[in-house]
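S.K.: A predicted structure for the sequence below; I have some questions about it.
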Amino acid sequence: MQAATAPRVAQLKKKPSAKTIQRRNAAKRKVLPALGGKAQLQVLNRQVEQLQRAGKYKQAVPIARRALVLTEQIYGRNHPAVATALTRLAGLYRHLRRYAEAEALYKSALAIRQKALGPSSPDVAASFSDLAALYRLQGRTAEAKRLSERALSTQKKSFSAKSAKPEGFAAKQLAPRHARRYRRSREKSAAAPRARGLLPEAAPPGASTPPSGGAAREPTIEAQSRSVAKAKKAPTDWDVVPVFFGTDRNEQPNPKRLSYGAERGHRLALGRALVTVPKIHQVPQIERPWALRIPYFDITIYQQAEDPKKHFTMQEIKKLSKEDFLRLVRERLKTSQRFKDNAIVFVHGFNTTFDNAVYRTAQISYDLKFDGAAFVYSWPSGGSVASYTYDRANASAAEPYLRQFLELVIKESGAKSISLIAHSMGNLPLLDVLKDMKAAAPKGVEISQVILAAPDVDADTFANLARRIEGFAKGVTLYASSNDRALMISRNFWQNPRAGDVLASGPLIIPGVDTIDITAASTDAFALNHSEYAQNNDVLHDIGKLILSGLRPPDQRLPSLKRIISKKGDYWKYIAPAE
């Protein structure tokens, strides 16, 4: 979880009133005319998200309409971004029980996506799911069932489709009015390197070109693998960490790169990100450009330029078919040595954007010197301190997609030893999945460790779930803390202690689970103290040893972990080394 000041934390305790939201939106309307079209659209969409999370659907409708009109003006009426805007407005109408209007908008979005993206697109499957959900609310069960089956069928087709498309495929995905312009830009960008003698005259389909501002030719999976191997050999000021991802977030329109937002995508998407980590990286930081932003407006006044020599950056991010995803994972596992045939799966917590989840996974992998396959599952967190209840609902709704992702990793990735790490609210969907997956691992595959860091789960519920997963893995470890402010707020919100708390009576102790109190690992007095598992060298060192060797009890792995004997049972406590 990211650092936040005390005033921002207070937002969790009390939602902004309708008058407060109206006052903020009035101030934003004064700023909007001075912004460019896309900046205006960004502000409008952010306003809709904030009102939606606050349950102010009626107030959000006129803003969503303005955003729809502006989207059509910027991208054209048949662009997939318009379908996204239509779907957002339809969702508001659905909450207001204006079902006829919602149905018309959902059908319009479906038509645009089928025409622009093709009948087997995951977004088309999402449109079928949206209509099915709407029909269920109206009691139109037969129609809902038929559309759910079409959604599932479409999702399977898109899942099995090859990611390496024939020449001109991307142009066909765009609306007709943009296709010719897109093809001309591709021809121009392909001709320029040949003119400079950088590519042979007849470059094969999928040949990789140097990064540029224009649209580059889509490389094949084999070309990607060669480029990664070449990048490892070439002396640079940064290293490249591959992170394999699964997500049920919605895909956002972004001309520069693949992006995922904070809304539900209603399907599992797979892909790989190549993250650069600068050689000047200080364990266990995530070095990112600093930015100056206007609070509440989501307007960036100034942002430092990304530099792979100084920052974690997204060198490449691609959505992949199931086959290509598994092929790249197996190639990664073949080269593993220190963590031979090992995989880790990280499930992030509250207040985490998709990019931050990928960067956190890369940081953990890099700092552990983990050369196996690193996976992250990213559910639709709002990525802000004020979105607690929104995140809670989305974490629970992500359970079926996380289950699908874990079954893929466990049964088909080729990894022989798999460890699972969940943080904060991410423990909720993971535990729900694990309680029914005891027999999921095929012969020759071992679930090594389940690491539950600062779980934002009711303590009693956690204890019941933990007992149900007993025997699923070689070991289960709980990291807890008494100064985790996010869990303090959650405890006040729910009026019940959380599993990641350390109360005056001590931490939660469950038979078969190693509980470690890491209160003394806090690294920033002004932060929320909610990411000690990844922000303290000793704790990271302990996780690395745990995954590598499975050594128990904890005090055999790390001298600074001291056994505490209590009436409830034994646990371990991190004792910070003397200065």
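M.R.: That came through fine. Numbers count the residues shown, from 1 in each chain.
S.K.: residue contacts, residue 465?
M.R.: Neighbouring residues of residue 465 by C-beta atoms under 8 Å, 6 or more residues apart in numbering: 431-432, 434-435, 457. In short, each C-beta sits where N, CA and C put it, glycine included.
S.K.: Relative to residue 89, which of these is nearest.
M.R.: residue 432 (31.7 Å; C-beta to C-beta).
S.K.: Would you confirm that that closest one contacts residue 399?
M.R.: Yes. With contact defined as C-beta atoms under 8 Å, residue 432 reaches residue 399; the gap is 5.0 Å.
S.K.: so where's the longest strand in the protein?
M.R.: Using DSSP state E, we find that the single longest strand of the chain is strand 259-278.
S.K.: Output the contacting helices and strands for that one.
M.R.: In this structure, strand 259-278 packs against helix 122-137, helix 141-160, strand 238-252, strand 313-320, helix 322-334, helix 354-367, helix 399-412, with contacts taken as 3 or more C-beta pairs under 8 Å, 6 or more residues apart in numbering; DSSP states H and E.
S.K.: one more time with 7 Å, if that's ok
M.R.: Under the contact definition 3 or more C-beta pairs under 7 Å, 6 or more residues apart in numbering; DSSP states H and E, strand 259-278 sits against helix 122-137, strand 238-252, strand 313-320, helix 322-334, helix 354-367, helix 399-412.
S.K.: Is it possible to get CSV of these that adds mean neighbour count?
M.R.: Below are the helices and strands packed on strand 259-278 laid out as CSV (neighbours: other C-beta atoms under 10 Å):
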stretch, mean neighbour count
helix 122-137, 23
strand 238-252, 22
strand 313-320, 19
helix 322-334, 19
helix 354-367, 24
helix 399-412, 19
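S.K.: Looking at the ones you listed, spot the one closest to residue 43.
M.R.: Comparing these under C-beta to C-beta, the one sitting nearest is strand 238-252, at 15.1 Å.
S.K.: Put the alpha carbons of that closest one into PDB.
M.R.: Taking Å, rounded to 0.1, in the frame of the first residue of the first chain, the C-alpha atoms of strand 238-252 are listed here in PDB:
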ATOM      1  CA  TRP A 238      19.400  -1.200 -15.900                       C
ATOM      2  CA  ASP A 239      18.200  -4.800 -15.600                       C
ATOM      3  CA  VAL A 240      15.000  -6.200 -17.100                       C
ATOM      4  CA  VAL A 241      12.600  -8.200 -14.900                       C
ATOM      5  CA  PRO A 242       9.700 -10.200 -16.600                       C
ATOM      6  CA  VAL A 243       6.400 -10.200 -14.800                       C
ATOM      7  CA  PHE A 244       3.600 -12.400 -16.000                       C
ATOM      8  CA  PHE A 245       0.200 -10.900 -15.100                       C
ATOM      9  CA  GLY A 246      -3.500 -11.900 -14.900                       C
ATOM     10  CA  THR A 247      -6.200  -9.300 -14.300                       C
ATOM     11  CA  ASP A 248      -9.900  -8.800 -14.400                       C
ATOM     12  CA  ARG A 249      -9.500  -5.000 -14.700                       C
ATOM     13  CA  ASN A 250     -11.000  -3.100 -17.700                       C
ATOM     14  CA  GLU A 251      -8.700  -2.200 -20.500                       C
ATOM     15  CA  GLN A 252      -8.300   1.500 -20.900                       C
END
